[in-house]
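Q: Quick one: sequence plus predicted model below, questions after.
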Amino acid sequence: MSFLKKKKILVTHNGSFHADDLFACAVLIIWLKKSNQSVKIIRTRDKETIDKADYVFDVGGIYDPVSNRFDHHQKEGAGARANGIPYASCGLAWKHFGLDTCDNNMEVWNLIDRKIFSSLDAIDNGVDIISPKFKDVMPYSADQPFLIYSPTWEEIGINEDLIFKQQVMKVVEVLEREIYVALTDHRGKQLINEAYTKATDKRIIEVANDFPRYLFQDTLSLLPEPIYFIYPSGHSSSWKVEAIRKNSETFESRKMFPESWRGLLDRDPKLVELTGVPDVNFCHRGGFYMTVDSKEGAIALAKKALLA
C-alpha cells in the first residue's frame with residue numbers, strides 16, 4: 001500500500017541569505033532525497049516555528065545533532081576542524097549528513113569538505129584562509145554564482161524567500177555534480193593504481209580509459225617510477241602519451257620528450273623520421289604531450305623517449 005510521506009520541515013533564518021544557509025539546505029535536501037523524502041523550506045526567526053521544525057540550521061542558537069539543530073552563532077560556537085577552521089552551519093550539515101551522500105566514501109567526503117565546505121565555513125566565520133599575490137585581485141569563490149541573485153539596494157519588494165529557494169536548487173545541482181565527479185575520480189584513481197601495479201615496466205603506465213589530466217597526474221606523481229602515461233583519446237581514435245610531472249604542485253615533467261621532436265605537428269615527415277614511429281601525429285612544443293594513431297605507436301614513442 002502506497003502513501004504520501006509528510007514533507008520534512010527545514011527552517012533557517014529570513015532576511016539576507018548567505019552561502020552558509022544555502023549550502024546547508026542543499027546538503028539536507030540531497031540527503032533526504034536519498035530516502036525519497038521531500039521538504040518544505042521555511043525562512044523565519046519565529047521561535048514556535050523553529051521549535052516545531054524537523055531540521056534547523058543557521059538560526060536558533062543551538063547545535064545538537066540529536067535534535068537536528070545546526071546553528072553556530074551561539075557564544076560557544078559549534079566546534080572546529082582539526083586544522084582550526086571553525087564550523088558554520090553548512091559545514092555542520094556536511095559533517096553529519098555528507099558522508100551518506102557520498103556513498104560512505106570517506107576519501108570523497110574529505111575531498112569535498114576541503115574543496116567546498118571548509119572555505120565556506122571560514123568565510124562565514126570571518127577566518128582568512130588565503131593571501132592575495134596581486135593587490136585587489138581575489139579568487140571568485142564558490143558562493144558567488146548564487147549570492148549574485150541577492151536583491152540589490154535598488155530592488156525593493158522582491159521576494160527573497162523565493163530567490164533563496166531557487167538558488168538552493170541550483171546549489172543542489174552543483175553539489176550533486178561535485179559528489180558524482182569526486183566518486184568517479186575515486187574509481188578512476190583505483191584503475192590507474194591497478195595499471196601501475198600490473199605494469200612490467202613501471203616507468204610506462206598504460207590504461208584503456210581517457211582519464212582527465214589532473215587525475216592521472218595527481219595519482220602517478222605520488223609514485224616514484226612513472227615517467228610516461230599512455231591512454232586513448234575520448235574524442236578520436238588516436239592515443240596520447242604524456243609525461244608525468246615531478247609532483248602535483250608543479251608543471252615540470254620528470255622527463256620531457258626530446259627537444260628535436262617538440263612543436264612538430266600534422267604528421268610532419270621529420271617527426272616520423274626522428275621518432276621512427278610511422279603513425280605519430282604531434283608533439284607539443286612544451287615537450288610534455290604527444291599523439292599517435294595507435295596504442296602500439298604510443299608505446300613505441302614512450303620507449304624511444306626513455307632512451308633519448
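A: Okay, I see it.
Q: C-alpha from now on. contacts and neighbour counts both.
A: OK.
Q: Surely I42 is in a strand?
A: Yes. The assignment for I42 is a strand, going by DSSP: H, G, I helix; E, B strand; the rest coil.
Q: how about it, what does it touch?
A: By CA atoms under 8 Å, 6 or more residues apart in numbering, I42 lies in contact with 9-12.
Q: For the stretch 201-308 of the chain, just list every one of the helices.
A: 213-220, 269-275, 295-307 (DSSP state H, counting those that start in this stretch).
Q: which of the contacts of I42 has the most neighbours?
A: Neighbour tally across those (other CA atoms under 10 Å): the maximum, 28 neighbours, falls on V11.
Q: wait, that residue sits on G60?
A: No. Assessed by CA atoms under 8 Å, V11 is found out of contact with G60, at 9.4 Å.
Q: Turn the helices of the stretch 201-308 of the chain into TSV, columns for mean pLDDT, mean neighbour count and distance to Q167.
A: TSV is the format used below for the helices of the stretch 201-308 of the chain (pLDDT from 0 to 100; neighbours: other CA atoms under 10 Å; distance: least, CA to CA, whole Å):
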stretch	mean pLDDT	mean neighbour count	distance to Q167
helix 213-220	96	17	30
helix 269-275	95	16	53
helix 295-307	97	18	46
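Q: right, so of the ones you listed, which gets closest to T152?
A: Evaluated over these, closeness to T152 peaks at helix 213-220, with 38.5 Å, by CA to CA.
Q: and the residue nearest to A142 when sequence neighbours are not counted, how many neighbours does it have?
A: Of all residues not flanking A142 in the chain, I116 sits nearest, at 7.3 Å (CA to CA, 6 or more residues apart in numbering). Residues lying near I116 (other CA under 10 Å) number 18.
Q: Now the element after the helix or strand encompassing I50, going C-ward?
A: I50 is located in helix 47-52, with elements delineated by DSSP states H and E. Sequence order places strand 55-57 as the next helix or strand after helix 47-52, per DSSP H and E.
Q: now for that next one, which elements pack on it?
A: Counting contacts by 3 or more CA pairs under 8 Å, 6 or more residues apart in numbering; DSSP states H and E, strand 55-57 packs against strand 8-12, helix 19-33, strand 69-70.
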